[in-house]
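Novice: Quick one, what's the 3D model for this:
(chains A and B)
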Amino acid sequence: MSDVVLPPAGQPARSSAPRGATVGKIFEGLCFSAATALLVALGGLLFSLLIGGWPAIRKFGFGFLTTATWNPVTDVYGAAGPIIGTLVTAVVALIIALPIAGGVAFFLTELCPAPLRGPIGTAVELLAGIPSIVYGMWGLFVFAPVFSRFVQLPLMMAATPGSLLEKLTTGVPNGSGILSASIILAIMILPFMAATLRELLLTVPPAVRESAYGLGATTAEVVMSVTLPYVRTGAIGAVMLGLGRALGETMAVTFIIGNAHGFPQSMFDSGSTIASTIANEFTEASTPMHTAALIALGLVLFVITFIVLGLARLMLRTTAVKS
Amino acid sequence: MTTSVGKIARRRATDIVFKVFCVAVTVVALAALAAILWSLLSQGLGGLNLDVFTRSTPAPGSRGGLANAIVGSILMCLLAMVLALVVGILAGTWLAEYAKGSAYGAVVRFLNDVLLSAPSILVGLFVYEILVAPFHGFSGLAGAVALALLAVPVIVRTTEDVLALQAATLREAGMALGAPYSFVVRQIIWRAARGGLLTGALLAFARISGETAPLLFTALNNQFFSLNLTHPTANLPVVIFNFALSAYDDWRRLAWAGALLIAATVLAVTIVARIVAREQRRS
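Specialist: The predicted model follows:
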């Protein structure tokens, strides 16, 4: 009887099961190692930044975070300027981009005529993938001259001496600076945030939205009181994901922030971010301490973005689980 | 009655303001993005000619193109994709097939999501520390590793999502025929999911082909044509960065042409990825 179920001659029927089990073990092991390699990479990233930045951390201590002297000649480094620059540009970019991204997402989910919905949605998603260096170049060559002529100069002329506006607008009106960098960053994170928000809003069950309309709610009320609260946690996650991008962005900022160290004095003043400082100086670092200080800057950026991105992912996941 | 009429009028007014705001910001946003595409096209097309593809980066004022940078970028991206696909698909498979409900799997998944949007310049610093500084030299290999590190999280994410979408009955049918689980995963699930895996690979490729920051201090740059990845390697993003910030008009023209090439590549690859994904969904 047992002869009947044997496979064709030449294939070792007996040993196939154990061999399959071995192959299975090896395969599972390979998959497991690949997953572990991810952890090792992230751990290695943190570890290498710690090791590389250690000389600077040891020499300058906590003062590294709070002083704004960045002087490769005397080999004294304080990261307060780039840290403030990073936080200010990212937050201002978010303040500019958030209402616009929200408006675009609401428009696409509630107001847009059906034939346009697909094309505009797709266009927004495609634009989210454009490399940031393109945004940077556009900022430097196209945006900066226009911004200088039509925004910076008129504002500086209009500011009365001693007023708050004058304080905010001092600087060289060449189109680059903190505010310009924030605006370019905002344009860069805008498609990404709009696309994520739209995707979240599309997860709201139609019945929920329709019942709200059925009760006589206006579009504004449906969005603000029903669909947006429905995806609240995820929306905050999407916003923080955008913030994380803005914090770590290098190329879009390096072109247009002006690359000056120290505290920016106004919104039009030149400044620097952590990423732009590293991009500009790393290959030309003059002393080992200079390199170490730049890597320590990288460590600061790692910690900031890791916290922001971690929170963002946790919030997005909560929404995903709920829906 | 009058108060409720007033209330309705106010609600209507709010609604109109809201709608106008949404339409207005959409128009503004699309206009800004159209302006960027327009500059890219108008400035980039002017700089595109045959020289761009056949000659290497020139000294200021002389004739030249981007051939060395294009070839360098292609080589590094391909090598990065090979590395990233092996690690990414295996890791994604582990998450989807072997790590259900495991705490370790949850940790890997979470950290992968964080890596997905981690600042790319930090990946550059990391690779500099492990592959450039110890060997005292910038190299195309280091650049490829940096790009691979950026591509892996994208591939892990899409692989896990796509494999999780495959029907449980497919797995059960394979198992019922007596196939070992690893065989079912490789020969049945991977095969059924190959469109989705391809989409993930294309998206990862689109992501890394425009990355500049991680290449600044790994691959560096090279003025000459070279296929040797153990030396500094020319690549489009870094050439664009250097040329755009230079004071020479012809270098800036080349930078715009290069930016157009990269953006067009990214858009084309993303569109193909979307078409593949749609075909997959249909079948």
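
Novice: May I have the residues that are in contact with the residue positioned nearest the centre of chain B?
Specialist: Chain B has residue B:207 as the residue nearest its centroid, 0.6 Å off, counting by Cα atoms, centre = their mean. For residue B:207, the contact set (Cβ atoms under 8 Å, 6 or more residues apart in numbering or on different chains) comprises A:129, B:150, B:151, B:154. (Each C-beta comes from the backbone N, C-alpha and C, glycine too.)

Novice: Past the helix or strand harbouring it, which element shows up next along the chain?
Specialist: With secondary structure defined by DSSP states H and E, residue B:207 is part of helix B:194-209. Using DSSP H and E, the helix or strand that follows helix B:194-209 towards the C-terminus is helix B:213-216.

Novice: Quick one: residues contacting residue A:80.
Specialist: A:65, A:66, A:67, A:68, A:263 are the contacts of residue A:80 under Cβ under 8 Å, 6+ apart.

Novice: now it: how far from chain B?
Specialist: Applying Cβ to the nearest Cβ, to the nearest Å, the value for residue A:80 to chain B is 19 Å.

Novice: What score does the nearest residue to that residue once chain neighbours are set aside have for pLDDT?
Specialist: Among residues not flanking residue A:80 along the chain, residue A:68 sits closest, at 4.3 Å (Cβ to Cβ, 6 or more residues apart in numbering or on different chains). Note on residue A:68: pLDDT of 86.

Novice: Might you report the residue contacts of residue A:68?
Specialist: Contacts of residue A:68 (Cβ under 8 Å, 6+ apart): A:78, A:80, A:81, A:261, A:262, A:263.

Novice: ditto for residue A:141
Specialist: B:39, B:43, B:244, B:252.

Novice: switch to 10 Å and redo it
Specialist: A:175, A:255, A:256, B:39, B:43, B:244, B:252, B:255, B:256 (Cβ atoms under 10 Å, 6 or more residues apart in numbering or on different chains).

Novice: Now for the residues you listed, which sits with the most neighbours around it?
Specialist: Comparing those by number of neighbours (other Cβ atoms under 10 Å in any protein chain shown), residue A:256 comes first, having 30 neighbours.

Novice: Roughly how far does that residue sit from residue A:297?
Specialist: Residue A:256 is 20 Å from residue A:297, where distance means Cβ to Cβ, to the nearest Å.

Novice: and what of residue A:262?
Specialist: 14 Å.

Novice: Who has more neighbours out of those two?
Specialist: Neighbours per residue (other Cβ under 10 Å) separate residue A:262 from residue A:297, with residue A:297 holding more: 28 against 19.

Novice: what pLDDT does the more buried one get?
Specialist: 94.

Novice: Ok, residue B:43 next?
Specialist: pLDDT, residue B:43: 91.

Novice: what is the rounded mean pLDDT of stretch B:101-120?
Specialist: 90.

Novice: Can you show me the strands along the stretch 151-300 of chain A?
Specialist: Taking DSSP state E, counting those that start in this stretch to define them, one finds no strands in the stretch 151-300 of chain A.

Novice: Can you name the residue of it nearest chain B?
Specialist: Residue of the stretch 151-300 of chain A nearest chain B, by Cβ to the nearest Cβ: residue A:248 (2.5 Å).

Novice: dump the residue contacts of the residue lying closest to that residue once chain neighbours are set aside.
Specialist: Closest residue in space to residue A:248, ignoring its immediate chain neighbours: residue B:119 at 2.5 Å, by Cβ to Cβ, 6+ apart. By Cβ under 10 Å, 6+ apart, the residues touching residue B:119 are A:244-245, A:247-250, A:274-275, A:278, A:298, A:301-302, A:304-306, A:309, B:125, B:213-214.

Novice: now with 7 Å?
Specialist: A:248, A:275, A:301, A:305 (Cβ atoms under 7 Å, 6 or more residues apart in numbering or on different chains).

Novice: Also residue B:187?
Specialist: Counting by Cβ under 7 Å, 6+ apart, residue B:187 has no contacts.

Novice: how close does it sit to residue B:160?
Specialist: 19 Å.

Novice: How about residue A:215?
Specialist: 40 Å.

Novice: Neighbour count for those two, which is higher?
Specialist: Taking other Cβ under 10 Å, residue A:215 and residue B:160 do not tie; residue B:160 has more neighbours (25 against 10).

Novice: Beyond the one helix or strand that one maps to, next helix or strand please.
Specialist: Assigned by DSSP H and E, residue B:160 belongs to helix B:140-165. Next along the chain after helix B:140-165, taking DSSP H and E as the criterion, comes helix B:168-176.

Novice: Can that next one be said to contact chain A?
Specialist: No - if you take Cβ under 7 Å from any Cβ of the partner chain as the test, helix B:168-176 misses chain A, and the best it gets is 11.8 Å.
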